[in-house]
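Undergrad: Quick one: sequence and predicted model below, then my questions.
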Amino acid sequence: MSIALALLKLRESIITGVKEIYYHKMRSFLTLLGVMLGVASLVIMMSIMEGFRVSFERMMNQMGGMARVSVYNLDQGQRGAKVYKSRGVRIDDMRTLLLENGDIIDIMVPQVTAPNYTIRRGNKSLRVWSYTALGATSDYSRISGHVIDEGRDISPLDDASFSRVCVIGSIVRSELFEEYQNPIGETIFINNIGFHIIGLYRHVSVEPPHMGEKIDTNAQARDERLKNLKTLSVRRAIVPKRGSEELWGRSLWEKYGRNNTMWHMNLNALIPFSTFQQLMKSDGRLDSIEIILRDSKNLPAYIERLRTTLRKKRGGTEDFQIKPWAERYNETNQQIQTMSLVFIIIAVIALIVGGIGIMNVILASISERIREIGVRKSVGAGNLDIFMQFLVETVMLSIFGGMFGVGLGSVLTVIIAHFIGIAGVIAPMSIIVAISSSCGIGLVFGLYPSFKAAKLDPITALRYE
Amino acid sequence: MAKKHVRPLIELSGIGKTYAMGDSPVHALCDIDLSIARGTFSAIIGPSGSGKSTLMNIIGCLDRPTRGRYLLDGVNVAGMKPSELAHVRNRQIGFIFQNFNLLSRYNVFHNVELPLIYSGLSALERRERVLEAVARTGLTDRIRHRPSELSGGQRQRVAIARALVNRPSLILADEPTGNLDSVTGREILTIFRELVKAGNTIIIVTHDHAVAKSTQRRVVIADGRLSEAA
């Protein structure tokens, strides 16, 4: 058989297959439903995991990236003398670190926060859980990814003079002020202590990426766009209400967190570190020391140096923990990979179930079409022709299923991502994987029915009632 | 007319078919010798169980004989592989069945086109041939109808068009009038006679002597053996 003839026959098989699918619309639809749902779940799972990864990566980049290291106190959960007797991570630790490791430290910031605090202005107040720092030095913006939008940042002078000033985030601004008001120069009360507002942080946003969006770690342009967008929604959100209102936790998330994985960074008011120490908490313990190292290449060696310094200062006791963000990054990435694997296995099982569904229907349709097979054979169809006809029909069915599945999966991904407030990136990869795997499913599960159909004896088939 | 050709279209010699039914073999056909000339209209007559279906299946290349030699158009098809037989069926033989065996979901055009699908003709050629065959059986105005929308006689004419479309050298009709009333049956036989006049070779397999009377030659089969009838 020449190649041209083979191609012609393949074309005929495809046409016949499509005709068969078309003539049995309902049956075909029910058949491909299984593959469709399998593919849809594959797309959804891959997309959501990809979205998680991308959001997380963006967050990491925004907060100093791989070179960032945090020095914490031991967890309260870790019991024992080390925790109870520990004086904790303190400001003089920073001095020692800087003295001995100045060559590898780029930025170092002390970070303190109250477990929860209230920000009040007039009759409106916000209760803030300790998402972000309350007190820090002037380098805080550099390490946290904040940018001053209006006014000025906290300066070293503020820190030195125990100034009662603060810089506020966009949520604090929109909750406590009307849109037309300029908050700079106004006074707000943090735990009933008055502070002058000296600056406004730019709105921080890592929105869940949308379908087809290119992943862009430089999010500035998008932030600009989003700021405009946010003004609209904020205007709606701040319709003034009579009487005292206090917003916190979940209701704030409902309002600001749905489309912004970094929303909590906007819910903050930062005061100078020294002022915090003086007015709110005087035991000298820090929540953490945040460090950005000069580079992330020799991370383990650098961390070892920091560790040695701190341990030496404590006479050998290690009542602190050093966590490189790279480690967190890797851990999370690994978790995402494990989850992806589990999800993909589930999706593959769904696909196989879909494939078995197709196989069943095709097998059933063969016994329905035995006469037809006999007729086709009597007019000259060879075993190969019949085999190809059924195989093509199965493959076409599952490819259609795959395509519908990609559509359904994409739509559901967008919907799910919107409702649970995470990113859903419909990766082109997931579409390729979905279509090719459904094609493969069709091939594999089409083999047996097609073989069975091809092997039918024409005489028996013609006589079949 | 037959004398023009030295070699007959069909030459069966010593054809036998044995089925293994459990331990004892069943001899469906024994030593069949038969030759059929081109352009003739013949009938194979026999009651059910006589072996006439087996003989028709062998002549139609649907089945292979256990013994003997079968020359179709000078080529021995007795020892061919199934794929080669499929090719022979496609090129040389047109089948007409008692119950029409049309594909119910396909319209007249697509039913008639079916053999051409497996012959590797281009869509344009196929269309021409289908229209020609449909015109010969007078169904041009029904070409987009499905079998369920046609009468029995029309359905059988679709089947005839399908058998003609590949311009086969032999048309095999298995009880072609069995499911039709006598008037329609006579119409179908008239079509057959016209086809024979136009040079086609037709063999009818039937148990009905009345049908067989309209043919030129009658062969009787009983218990797997042939005998010539008047």
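TA: Looks like it came in fine.

Undergrad: Which phi and psi values does A:Thr187 adopt?
TA: Torsion angles at A:Thr187 (phi, psi; degrees, to the nearest 10) stand at phi -110, psi 140.

Undergrad: Is it bridged to anything, and to what?
TA: A:His196 (DSSP bridges).

Undergrad: What's the separation between the closest residue to B:Gly138 other than its chain neighbours and chain A?
TA: Once flanking residues are discounted, B:Gly138 sits nearest to B:Arg157: 6.8 Å by CB to CB, 6 or more residues apart in numbering or on different chains. Placement of C-beta: from N, CA and C, glycine included. Separation of B:Arg157 from chain A (CB to the nearest CB, to the nearest Å) stands at 16 Å.

Undergrad: Any idea which residue of the stretch 351-465 of chain A lies closest to chain B?
TA: Proximity of the stretch 351-465 of chain A to chain B (CB to the nearest CB) peaks at A:Gly380, 2.3 Å away.

Undergrad: so which helix or strand takes in that residue?
TA: In the assignment (DSSP states H and E), A:Gly380 maps to no helix and no strand.

Undergrad: Would you mind naming the helix or strand containing the closest residue to it other than its chain neighbours?
TA: The spatial neighbour of A:Gly380 that comes closest, neighbours along the chain excluded (CB to CB, 6+ apart), is B:Asn90 at 2.3 Å. Using DSSP H and E, B:Asn90 maps to helix B:82-92.

Undergrad: ditto for A:Val425
TA: Here A:Val425 is assigned to no helix or strand, by DSSP H and E.

Undergrad: My read is that it contacts A:Ser47, right?
TA: Yes - using CB atoms under 8 Å, A:Val425 makes contact with A:Ser47 at a distance of 5.9 Å.

Undergrad: circling back: residues touching the residue of the stretch 351-465 of chain A closest to chain B, list them.
TA: B:Ala86, B:His87, B:Arg89, B:Asn90, B:Arg91, B:Pro115, B:Tyr118, B:Ser119, B:Asn166 (CB atoms under 8 Å, 6 or more residues apart in numbering or on different chains).

Undergrad: swap the cut-off to 10 Å and go again
TA: Residues counted as contacts of A:Gly380 (CB atoms under 10 Å, 6 or more residues apart in numbering or on different chains) are B:61, B:85-95, B:114-119, B:166, B:168.

Undergrad: Equivalent analysis for A:Ala40, please.
TA: A:347, A:350, A:401-402, A:404-413, A:434.

Undergrad: gap between the nearest residue to A:Gly135 once chain neighbours are set aside and chain B?
TA: Distance criterion CB to CB, 6+ apart; nearest residue to A:Gly135, sequence neighbours excluded, is A:Phe276 at 2.8 Å. Noted for A:Phe276: a distance of 81 Å to chain B, by CB to the nearest CB.

Undergrad: do you know how far A:Phe276 is from A:Met265?
TA: 18 Å (CB to CB, to the nearest Å).

Undergrad: Number of residues surrounding B:Ser169?
TA: Residues near B:Ser169, counting by other CB atoms under 10 Å in any protein chain shown, number 18.

Undergrad: oh, I was asking about A:Gly135
TA: 27.

Undergrad: Now do the contacts for it.
TA: A:110-114, A:154, A:159, A:166, A:270-281, A:286-287.

Undergrad: And B:Gly49, by the same measure?
TA: Contacts of B:Gly49 by CB under 10 Å, 6+ apart are B:Ala28, B:Ala222, B:Asp223, B:Gly224.

Undergrad: Same list (those residues) but as JSON lines, adding distance to A:Ser170.
TA: Output for these, formatted as JSON lines (distance: CB to CB, whole Å):
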{"residue": "B:Ala28", "distance to A:Ser170": "93"}
{"residue": "B:Ala222", "distance to A:Ser170": "102"}
{"residue": "B:Asp223", "distance to A:Ser170": "101"}
{"residue": "B:Gly224", "distance to A:Ser170": "98"}
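
Undergrad: Give me every residue in the stretch 1-150 of chain A lying close to chain B.
TA: A:1-2, A:4-9, A:11-13, A:15-16, A:19-20, A:22-24 (CB under 10 Å from any CB of the partner chain).

Undergrad: Just the buried ones from those?
TA: By neighbour count, with 16 or more other CB atoms under 10 Å in any protein chain shown, the residues of the stretch 1-150 of chain A next to chain B hold A:Leu8, A:Lys9, A:Glu12, A:Ser13, A:Thr16, A:Glu20, A:His24 as buried.

Undergrad: Could you verify my assumption that A:Gly374 touches A:Ile366?
TA: No - between A:Gly374 and A:Ile366 there is no contact under CB atoms under 10 Å: 11.8 Å.

Undergrad: Mutual contacts of those two, please.
TA: Counting by CB under 10 Å, 6+ apart, the residues touching both A:Gly374 and A:Ile366 are A:Leu456.
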